[in-house]
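Peer 1: Model the structure of this input:
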Amino acid sequence: MICDEFGYVSFDKNGAELLFNHLSLRADRKSTIITTNLGFERWDKIFGDAVLTAALVDRLTHKAYLINMNGESYRLKETREMNQK
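Peer 2: This next block holds a predicted model:
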């Protein structure tokens, strides 16, 4: 499962619990990729529940590969190149 640009849309309580349950069932069994511009410390604002967020981050990061990619946005780079022509 791939969650791209995670955090742009907040969840209500029911949605947060459903996603938590789904991701919990996948933990240690199936691959999950999440892309986001938000650090884990801001995820509680997405889910609206600090305890649920801590449990979710714990499950997602257990035996995970975390890749922190800092740099210029490729979309912004393409736009600049296009506008220079």
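Peer 1: From Ile33, how far out is Arg26?
Peer 2: Counting by CB to CB, to the nearest Å, the gap from Arg26 to Ile33 is 11 Å. C-beta here means a position set from N, CA and C on the backbone, and glycine is covered the same way.
Peer 1: what residues do the two have in common as contacts?
Peer 2: Met1 (CB atoms under 8 Å, 6 or more residues apart in numbering).
Peer 1: Give me the more crowded residue out of the two.
Peer 2: Arg26 (14 against 11; other CB atoms under 10 Å).
Peer 1: just checking, the more buried one touches Leu19?
Peer 2: No. Counting by CB atoms under 8 Å, Arg26 stays clear of Leu19, with 10.7 Å between them.
Peer 1: which stretches of this protein form helices?
Peer 2: For the chain, applying DSSP state H gives helices covering 13-26, 43-47, 50-61, 74-83.
Peer 1: Poorly predicted segments of the protein, please.
Peer 2: Scanning the chain for pLDDT under 70 picks out nothing.
Peer 1: please redo it, this time with the cut-off set to 90
Peer 2: 3-11, 13, 16, 26-29, 35-38, 44-48, 67-77, 81, 84-85 (pLDDT under 90).
Peer 1: how many other residues sit next to Lys63?
Peer 2: By other CB under 10 Å, 7 other residues sit near Lys63.
Peer 1: can you check Trp43 too?
Peer 2: When neighbours are counted by other CB under 10 Å, Trp43 registers 19.
Peer 1: So it is in contact with Thr53, correct?
Peer 2: Yes. The criterion here is CB under 8 Å, and Trp43 meets it with Thr53 at 4.9 Å.
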